[in-house]
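K.L.:
Structure for this input, please:
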Amino acid sequence: MNDEKTFKSLNDRIAFITRDVASLAQNKDRSFADDILYRSMDSHLSDLRSEQLAIESKHPLQDFMELRLKGVLVDFGSIPLEILSIISGNLAAFVQKAVHRIGSGKDSKRVPLDVKNALNLRLADLAPGSTRLGVTFSTGSCELVETVSSQAVKEIFSLLEASDEETFMMKIAEIGSQSTVNLKNIVDECEKNSLNFDLTWVGPFSDGTKQVSIDSNDIHLLTRRLAMTKISKLPDEVISGELAVLSMYGKLEIASDHGKIKASYPIDMLRDIQNRYKVGERITLTASVSEVHNERINSSRRNYMIKKIS
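P.N.:
Model (predicted):
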């Protein structure tokens, strides 16, 4: 029996047993025999749901990310719960905030529920062998078109792989200061407990298996870079000029009287821009402006995120 047929059968069995478990749960005066039956069915339901999750994880449109922690504290295949809680919570927020930033243009502490639900981050595996934290999520249901979520995850990997300060600053600006806070929390926890990690991602838009390894030197480098990188909010600016470049992946370029300005825009704004303007036409936009400053190399760059089309 193939996975699709098995999955349909599982759904039917889960639905059937869920109804029986719910019915027994509502009966507060159930007998000893009924109570044994209830506990047995509830345990079986949990097993079926685990089997369902395993099949979902193999779906070709399902993404899988694994954070493999390495170090004395975790090399026996277990991890202190406090460390697990800090790292897993910040990993989820790190990805969610980056997706929200690229999708909406907002650098927010809180991520809307619909963004979280669409991403659907779930713990899928906690395996031994240095501790491996496996997470499933969804970058979208379309096989042909890049999505906001896949772009965000790619930016995260590019940030971790950045070989120079300028690239690091650029990627910080892309994913936003709020998601960077969660990255800092992960790195601080790793440094405090002498942990290293590997991060891998495989999914419909990952171009195979994408992996980055962060050793102790990289942890120290990330700590220094994050400590020396400051992001400040500047007043909004109105940008006018020729629409020189419009990418479907949230990037555009304006040829203004003062030179070319590269900006990002919320991907959900693409259709509106395309309906109103063509490349080569004059356009006026309002952009939020942030400045990323690296104290280590005494360099700054401005990041423009389009808020409104005039």
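
K.L.:
Can you read off the backbone torsions of the residue lying closest to residue 210 once chain neighbours are set aside?
P.N.:
Using C-beta to C-beta, 6 or more residues apart in numbering and skipping the chain neighbours, the partner closest in space to residue 210 is residue 201 (4.7 Å). Heads up, the C-betas are built off the backbone N, CA and C, glycines and all. In terms of degrees, to the nearest 10, the main-chain angles of residue 201 are phi -140, psi 130.

K.L.:
hey, what's residue 201 bridged with?
P.N.:
residue 65, residue 210 (DSSP bridges).

K.L.:
isn't it right next to residue 212, touching?
P.N.:
No - between residue 201 and residue 212 there is no contact, the gap being 9.2 Å when judged by C-beta atoms under 8 Å.

K.L.:
Between the two, tell me which one has more neighbours.
P.N.:
residue 201 (24 against 16; other C-beta atoms under 10 Å).

K.L.:
For stretch 95-104, C-alpha coordinates in PDB please.
P.N.:
What follows is stretch 95-104 as a C-alpha-only set of coordinates in PDB (Å, rounded to 0.1, in the frame of the first residue of the first chain):
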ATOM      1  CA  VAL A  95      12.100  31.600  11.300                       C
ATOM      2  CA  GLN A  96       8.700  33.000  11.800                       C
ATOM      3  CA  LYS A  97       9.800  36.600  12.200                       C
ATOM      4  CA  ALA A  98      12.100  36.400   9.100                       C
ATOM      5  CA  VAL A  99       9.100  35.100   7.100                       C
ATOM      6  CA  HIS A 100       6.900  37.800   8.400                       C
ATOM      7  CA  ARG A 101       9.500  40.500   7.600                       C
ATOM      8  CA  ILE A 102      10.000  39.400   4.000                       C
ATOM      9  CA  GLY A 103       6.300  38.700   3.400                       C
ATOM     10  CA  SER A 104       4.900  41.900   4.900                       C
END
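
K.L.:
which residues make contact with that stretch from outside it?
P.N.:
With contact meaning C-beta atoms under 8 Å, 6 or more residues apart in numbering, stretch 95-104 is reached by 65, 106-109, 111-112, 115-116, 119, 121, 137, 148-149, 151-153, 155-156, 174-176, 178-179, 182, 250, 264, 266-268.
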